[in-house]
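In: quick check, what structure comes out for this input:
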Amino acid sequence: MDMVKFFQSGGPFMYPILAVFALGVAISIERFLYLSVINRRTKSMWSQLVPMLKARDFKRALQFVEKNNSPLSAVLSYGFARHSANKRREIIEAAMEEGMLDAMPSLVQRTHYLATFANIATLLGLLGTIVGLIQAFTAVASANPAEKADLLSASISVAMNTTAFGLIAAIPLLLIHSYLVTKTSHVVDSLEKAAMKSLNMMVED
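Out: Down below sits the predicted model:
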């Protein structure tokens, strides 16, 4: 109930801050679920690919990755396709790097918005406080001298609520952004590791 009063007393800027926070939370959930699924799918695909690569059955490996829609498929399908025509290491490696460039956008998209939303929430909070203070001093200027101190104190307290709420929204978004960036880096590292191991098995004598 106190939180409701806190929100209601903060003025109109509380609503855009809440909207920014809600959008950031929605993106955070979507990105977390997506990266978790991709991480599990990458591990599952790799465990199934290893026997094919050890058996040097690259044709079957290519068919397998082409059936799957994942960043690992995008990376390895380029390499397997080049391997069938040219076994030079640098050609296959360049093809896999091209596949990594194709896979990266789906891994990093929307995550950067979280840092932007955190900044927007903070700035909206400060703007709300400044507007509230302007209104407070304007009201105090025409108030009864005996009531000025109490009126100003109450008005400043209400105005500061928007700054507080902006920070309440911004801090979790920044923490989530940092976590998702780290999680994305782990997924990218697993893709690069799988690509390098595949490359080594493709070009070994």
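In: can you count the residues close to the nearest residue to M52 once chain neighbours are set aside?
Out: Spatially, and ignoring its direct neighbours in sequence, M52 is nearest to A61 (4.3 Å; C-beta to C-beta, 6 or more residues apart in numbering). From N, CA and C alone the C-beta is placed, and that goes for glycine too. Applying other C-beta atoms under 10 Å, we find 25 residues neighbouring A61.
In: can you give me the distance of A61 to G128?
Out: As judged by C-beta to C-beta, to the nearest Å, A61 and G128 stand 58 Å apart.
In: list the contacts of the residue nearest to M52.
Out: Each residue near A61 by C-beta atoms under 8 Å, 6 or more residues apart in numbering is listed here: 49, 52-53, 76, 80.
In: tell me where this protein has helices.
Out: Assigned by DSSP state H, the helices in the chain fall at 2-8, 14-54, 58-67, 71-85, 89-108, 111-141, 148-203.
In: in the fourth one, what's buried?
Out: Right, helix 71-85. For helix 71-85, burial by neighbour count (16 or more other C-beta atoms under 10 Å) applies to 71-83.
In: got CSV for those residues, with pLDDT and distance to L175 too?
Out: Below are those laid out as CSV (pLDDT from 0 to 100; distance: C-beta to C-beta, whole Å):
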residue, pLDDT, distance to L175
P71, 87, 25
L72, 86, 29
S73, 85, 32
A74, 83, 30
V75, 84, 30
L76, 84, 34
S77, 83, 36
Y78, 81, 36
G79, 80, 37
F80, 78, 40
A81, 76, 41
R82, 76, 42
H83, 70, 43
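In: including distance to V25, could those go into a markdown table?
Out: Conversion of those to a markdown table gives the following (distance: C-beta to C-beta, whole Å):
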| residue | distance to V25 |
| --- | --- |
| P71 | 25 |
| L72 | 29 |
| S73 | 30 |
| A74 | 29 |
| V75 | 31 |
| L76 | 34 |
| S77 | 35 |
| Y78 | 36 |
| G79 | 38 |
| F80 | 40 |
| A81 | 41 |
| R82 | 42 |
| H83 | 44 |
